[in-house]
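In: below are the sequence and a predicted model for it; my questions follow.
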Amino acid sequence: MMLLEVEHLQASYGPVQAVRDVSLTVGENEVVAIIGPNGAGKTTTLSAITGLLPARGEVRFAGHRTTGLSPEDAVGLGISLVPERRQLFATMSVNDNLLLGAYHRFGRESREAITRDLDDVFALFPLLEDRVDDPAGTLSGGMQQMLAIGRGLMARPRLLLMDEPLLGLAPLVIREILKTLRNLQDRGQSLLLVEQNAKAALEIARRAYVMEGGRVALQGETSVLAQDPKVRAAYLGGHVEPAQER
Amino acid sequence: MSLSQQIAQFIASGFVNGTIYALLGLGLVAIHSVTRVVNVAQGEFAAFGALLAASLLAQGFPLWPALAIAVAASAILGGGVHRVAIRPARQASALVLLIITIAVHLALKGILLLLWGTNPYSLPPFSAGPPVRIASAVLIRQSLWVIGITALVLIILYLFFTRTIRGKSLRACAVNPTAARLVGIRVERMGTLAWVIAGALGGLAGVLITPLALATYDMGLILGLKGFVGAVVVGMASYPWTVAACIAFGIVESLGAGLISSNYRDAIAFTALIVVLLWRALSTLRIGLIISEEAAQE
Amino acid sequence: MTGSKIWLLAFVALLLVLPALVAGRISLSIFLFIGLYSLIVIGLTLLGGHAGQVSLGQAAFYGLGAYIAAISSLRWDVSPWLGLPMAALGAAVIAYVMGLPIFFLRGHYLVLGTLGLNIVVDVVIRNVQHLTGGPTGLTGIPPLSFGGILISGDRAYYYLIWALVLVALWCGRNLIRSRVGRALAAIRSSEVAAATLGINPAQYKGLIFATSAAFAGIAGALYVHYLSFVSPSPFAFNFSIDLLVMSVLGGIFYLPGAVLGTAILTTLREALRTIMPGLLGSGASAEYEIILFGLLLAAVVVLMPRGVWPVVARALGLNADPRAADGVPEAAQVTIMEAQAAEGPDPAAGAEPLLRVDGLEKRFGGLLAVHNLAFEVRRGEVYAIIGPNGAGKTTAFNLISGVLRPTRGAVSWRGRPISDLAPYRIAALGVARTFQTPKIFADLSVLENVMVGLHRGLRTGFLGSMLGFGHREEGAARSEAAGYLQMVGLLSRATEPAGGLPFGSLRLLEIARALATKPALLLLDEPASGLSAAERRDLVRLIRQIRQAGVTVLLVEHDVSLVMGVADRVLVLNYGEQIAEGTPATVRADPRVIGAYLGEEQAS
């Protein structure tokens, strides 16, 4: 059984119907990427899956129908989103941001389990531990992204959704984040990754979906997609051609 | 009494009034930061708490239980207002929400009038004894109770917001509601909690001030407005700065009333408010934040 | 004759015969007061519904007007007719002076400021006894007279006040439908977009606030001449709340709602006062009145958030929308773009770059969004900046257009520094822009959106607009705007609400709106993002057309192929670093660009 199954998802962002028809799956322990140009509906897809935006169609998580659930419930079920532009609690400390990531676990699990996971995040991102009492807003872009991922992990999600984790980061930091993602993959964390940086996304994911105009245009194993001439031309910056009028 | 003594006296009594305003201002900040509502009815919580405490006392309740019940009832009133009047309209614009709180203010004031009439009520000082001398100012004992209890409440609030996950989640709702939802915080419930806290703080302000000044059904508006001034001057965002601004406001008001004329008490206070607003506007202009808020949100 | 005109005539007829109808049964004074309060509430409606601002101090302006009229006629022997404009002007000036800085702050600050003003005014009136008579007030104020005939009695003031209400309604309607009304609607939708089209938001809000204060001031003056006596109590803060409630009750977006809300609240209050004691015994009315008021207000706001008027209008078969379109778009008159409109021919053409950005830096807290950006845009070229998302391109646009202030560095326009100018001033120099997420004025029609772009080129001012001048200019503006729409292929949708356009059309509309300002430089922020392949082709064609008309274009984009197709020169950014600049051909061949941006393996 697939962990996440999405069928014929439709969702609107304001007046724009950004997602017209999207079907995708993510398996247990699988890393899946969604790539595509700006405005293709990638972020809206993730928002609809987590319930931030109302959606039509069918979303099933671990066999249960979850279409139209709220983001608060999604976290409880085990779906956690690392949102676009990070959405940290900017004026609160790194520590508080991470603890709030585990919000739904307070009262259900022991304090020790949460502290253990906190140490785990610091082991994953040692840089964060040095800044543990600093407000999240004062961190550099790369460290903010690490914090956002750490906060997502603190929820102990069965499926972690990530929206553009590499956005606006320097190449060195990108390498760092990619290393962490591989690390998570090795631990068996299921990931659904939305990324503009198609090269990086195709490297790390096992399968990928290419979205265009609110629909899935292509899908398949990343090893196959990376060789697809259309994908190479459009997303891997292969052949640059002047936009002549056809 | 020499002028410097007089001034010390004005500052001291202004400080005491300022702490009362601070309790109301803190409630307004709690409500605004979590639910984006400017609560015009904040002062009614104080009036309700004060009048209820006075009635309980008249019914033969001992002082401290009467105060505790009054504060608790104000807290419940706060939460009730959120559930009944604010939550159903949560999608509405800021203007509509403001009008709703005006409506709540009117309705509560009417209910208070119905239940307690126009007569003033009083509470005895929390402890008997002669006034206390501090530096060159003389303070009656109730003033010390006001300052002491407010300080205690501030410490409790501080610990709540910085040490407990509930308090942190409340701050999180204010900082970034979307992110709060994403980590599983139920922002609407936190909204009710904020109103409960604001109700309790309002009720407390009411019972603290009543031994110093009589309580009437219509005492709320001006009291709430003064808390509002302190809160909004610092941008309705910071708890500690709200306390500082409210105390400063209380002192300015007291000095103005004492040195110029007590007839002009409110005029001086609110002129100071307008001046601060203009000053804020001009400094904003200089830094060039004019429209940057909207741009930064993108 | 349209439905609305018939109803208006019926309303005026009712006003005319009302004194005869009620004679001997009900006192006419209640209708007189409805008119008087309507005058204030109309101002409040213009302010709240059309400038998006709330005043909780309107009673203060009412009181200021009353006391200016009373004191000037009683103590200084000024003619009451002169006292009326003095009252209006006095209130308006105080409002403008206090309002202008507050409007720079945005948010709820006007509520607070006006509320404070009301309390201050109330206290001052009560205490400056030698001038105002203190709490007891002033008596013996002379009535208005006309050609030696005293205007006195309920009936005379009734007609005078209602005539003024009709004038105020007419002025308000003119204003809403004018260039100014359009600008206000634009400001409500997006202050940033309005400012980058050359509109100064604070100034317009200040003028509306002053107008609302003037209406209240006139009402105050009429009040004292009617009663021939004045005391402070009607001008307390409570009455400001009443006025706001009237406005919201009737519908703060609708001028007829102002009169309706006032009528409902005033009669209701009167009815409660007469009925309640009968029902519950005398003396019991006050508390029930307040409770009922509160509950009624809450119910109306929750159940009818837009007020009672839209409901009534629907029952009468009227269109409640005050900005209802004037019918189909005119025949389009094709317009050719004119660059250089702002400053005439460039004196130093060629010598000085049009735009120069020097060491520009912007920091948001700990985040460095733009770092040491430097480039020049020459006249007549298409200059493109490419780079990955998050490289600070949009922030750079915000810095150039004045929406943000740089932390360091400078932007100069034809050699003149502009980094600390407000966006509307930069727009006036001839810089227009679009936004990454189109900031369309959703409440306005497609055509009106473009007309906002024409705003600075139109002359009818605030007063002129209020008095209904500028029809010819408006007509010409409509056809000119239609011309721009034709240019981007949106003419057929001119009368539709702009909010309903599909995403690709929003981008084109935004470009048309920017072109309508007749810019010398057009900034396009990711114009291709979210567009379909066909729309991209149209966009490329449009950009070329714009360039041919002589408008310089600065373009930020990460669609590399589009940029390579239209740009004369390209700047390549890579995470805060400028790695190459030059013609598309040179940039494409640059090894650093290939390595960092286009992808290592694909050197073509």
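Out: Alright, I've got the coordinates.
In: rest of the way, CA atoms for contacts and neighbours
Out: Will do.
In: what's around B:Leu139, how many residues?
Out: The number of residues packed around B:Leu139, counting by other C-alpha atoms under 10 Å in any protein chain shown, is 17.
In: could you list the low-pLDDT ranges of chain A?
Out: For chain A, applying pLDDT under 70 flags the ranges A:14-16, A:168, A:170-171, A:233-246.
In: and for the stretch 351-500 of chain C?
Out: Applying pLDDT under 70 to the stretch 351-500 of chain C picks out residues C:351, C:365-367, C:388-391.
In: tell me where it has strands.
Out: Assigned by DSSP state E, counting those that start in this stretch, the stretch 351-500 of chain C shows strands spanning C:355-364, C:367-377, C:382-386, C:408-413, C:416-417, C:431-433.
In: and the helices in chain A?
Out: Per DSSP state H, chain A carries helices over the ranges A:42-50, A:71-77, A:94-101, A:111-124, A:126-130, A:141-154, A:171-186, A:198-204, A:222-225, A:229-235.
In: contacting residues for whichever residue of the stretch 101-250 of chain C sits closest to chain B?
Out: Closest approach between the stretch 101-250 of chain C and chain B, counting by C-alpha to the nearest C-alpha: C:Val120, at 4.2 Å. Contact analysis of C:Val120 by C-alpha atoms under 8 Å, 6 or more residues apart in numbering or on different chains lists B:266-268, B:270-271.
In: let's have those residues in CSV, adding secondary structure.
Out: Compiled in CSV, the contacts of C:Val120 are given as follows (DSSP: H, G, I helix; E, B strand; the rest coil):
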residue, secondary structure
B:Asp266, helix
B:Ala267, helix
B:Ile268, helix
B:Phe270, helix
B:Thr271, helix
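In: out of those residues, flag the one nearest to C:Tyr254.
Out: The closest of the contacts of C:Val120 to C:Tyr254 turns out to be B:Phe270 (C-alpha to C-alpha; 32.2 Å).
In: torsion angles phi and psi at the residue of the stretch 101-250 of chain C closest to chain B?
Out: Main-chain torsions, C:Val120, degrees, to the nearest 10: phi -60, psi -50.
In: now do it, the pLDDT please.
Out: Listed pLDDT for C:Val120 reads 86.
In: let me have the helices of chain A in a markdown table, extended by mean neighbour count.
Out: Below are the helices of chain A laid out as a markdown table (neighbours: other C-alpha atoms under 10 Å in any protein chain shown):
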| stretch | mean neighbour count |
| --- | --- |
| helix A:42-50 | 26 |
| helix A:71-77 | 22 |
| helix A:94-101 | 26 |
| helix A:111-124 | 15 |
| helix A:126-130 | 15 |
| helix A:141-154 | 25 |
| helix A:171-186 | 15 |
| helix A:198-204 | 20 |
| helix A:222-225 | 16 |
| helix A:229-235 | 16 |
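In: B:Arg181: which of these is closest?
Out: helix A:71-77 (5.5 Å).
In: who does C:Ala410 bridge with?
Out: C:Asp358 (DSSP bridges).
In: and the strands of the stretch 351-500 of chain C as CSV, adding distance to C:Thr45 and mean neighbour count?
Out: Rendered in CSV, the data for the strands of the stretch 351-500 of chain C read as follows (distance: least, C-alpha to C-alpha, whole Å; neighbours: other C-alpha atoms under 10 Å in any protein chain shown):
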stretch, distance to C:Thr45, mean neighbour count
strand C:355-364, 38, 19
strand C:367-377, 41, 19
strand C:382-386, 45, 25
strand C:408-413, 41, 19
strand C:416-417, 41, 13
strand C:431-433, 32, 29
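In: those into TSV, with extra columns for distance to B:Val84?
Out: Formatted as TSV, the strands of the stretch 351-500 of chain C follow (distance: least, C-alpha to C-alpha, whole Å):
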stretch	distance to B:Val84
strand C:355-364	40
strand C:367-377	42
strand C:382-386	53
strand C:408-413	50
strand C:416-417	55
strand C:431-433	46
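In: what residues does chain A have near chain B?
Out: Applying C-alpha under 8 Å from any C-alpha of the partner chain, one finds that chain A approaches chain B through A:71-76, A:80-81, A:87-92, A:96, A:99-104, A:106, A:152, A:155.
In: burial of C:Gln203, as a residue count?
Out: Around C:Gln203 sit 16 other residues, with neighbours defined as other C-alpha under 10 Å.
In: and the nearest residue to it once chain neighbours are set aside, which helix or strand is it part of?
Out: Nearest residue to C:Gln203, sequence neighbours excluded (C-alpha to C-alpha, 6 or more residues apart in numbering or on different chains): C:Leu100, at 6.5 Å. In this assignment (DSSP states H and E), C:Leu100 forms part of helix C:80-105.
In: that helix: how far from the chain's middle?
Out: 19 Å (C-alpha atoms, centre = their mean, to the nearest Å).
In: repeat that for stretch A:32-51.
Out: Distance of stretch A:32-51 from its chain centroid, counting by C-alpha atoms, centre = their mean, is 9 Å.
In: what do you get for stretch C:31-45?
Out: For stretch C:31-45, the distance to the chain centre is 22 Å (C-alpha atoms, centre = their mean).
In: what of stretch C:579-593?
Out: Using C-alpha atoms, centre = their mean, the offset of stretch C:579-593 from its chain centre is 45 Å.
In: who does the residue nearest the centre of chain A bridge with?
Out: Note on chain A: the residue nearest the mean C-alpha position is A:Met162, at 1.0 Å, using C-alpha atoms, centre = their mean. For A:Met162, the beta-bridge partners under DSSP bridges are A:Val82, A:Leu193.
In: does it touch A:Pro83 like I think?
Out: Yes: in this structure, A:Met162 is within contact of A:Pro83 by C-alpha atoms under 8 Å, at 6.3 Å.
In: tell me the buried residues in stretch C:62-80?
Out: C:62-74, C:80 (16 or more other C-alpha atoms under 10 Å in any protein chain shown).
In: which SSE is C:Val587 in?
Out: Per DSSP H and E, C:Val587 falls inside helix C:584-589.
In: can you give the contact residues for the next helix or strand after that helix?
Out: Sequence-wise, the next helix or strand downstream of helix C:584-589 (DSSP H and E) is helix C:591-593. By C-alpha under 8 Å, 6+ apart, the residues outside helix C:591-593 that reach it are C:572, C:579-580, C:587.
In: give me the mean pLDDT for helix C:591-593.
Out: Per-residue pLDDT over helix C:591-593 has a mean of 77.
In: so what's the residue in the stretch 151-298 of chain B that chain A sits nearest to up against?
Out: Residue nearest to chain A within the stretch 151-298 of chain B (C-alpha to the nearest C-alpha): B:Gly184, separated by 3.9 Å. If you count contacts by C-alpha under 8 Å, 6+ apart, B:Gly184 has them with A:71-76, A:103-104.
In: which of the contacts of helix C:591-593 are close to chain B?
Out: Within these, nothing lies near chain B by C-alpha under 8 Å from any C-alpha.
In: nearest to C:Gly453, out of the contacts of B:Gly184: which one, please.
Out: Nearest to C:Gly453 among these, with distances taken as C-alpha to C-alpha, is A:Pro71, at 40.7 Å.
In: wait, that closest one touches A:Leu46, no?
Out: No: the pair A:Pro71 / A:Leu46 is not scored as a contact, 11.1 Å apart, by C-alpha under 8 Å.
In: what ranges of the stretch 201-350 of chain C fall below the confidence cut-off?
Out: Scanning the stretch 201-350 of chain C for pLDDT under 70 picks out the ranges C:276-287, C:320-350.
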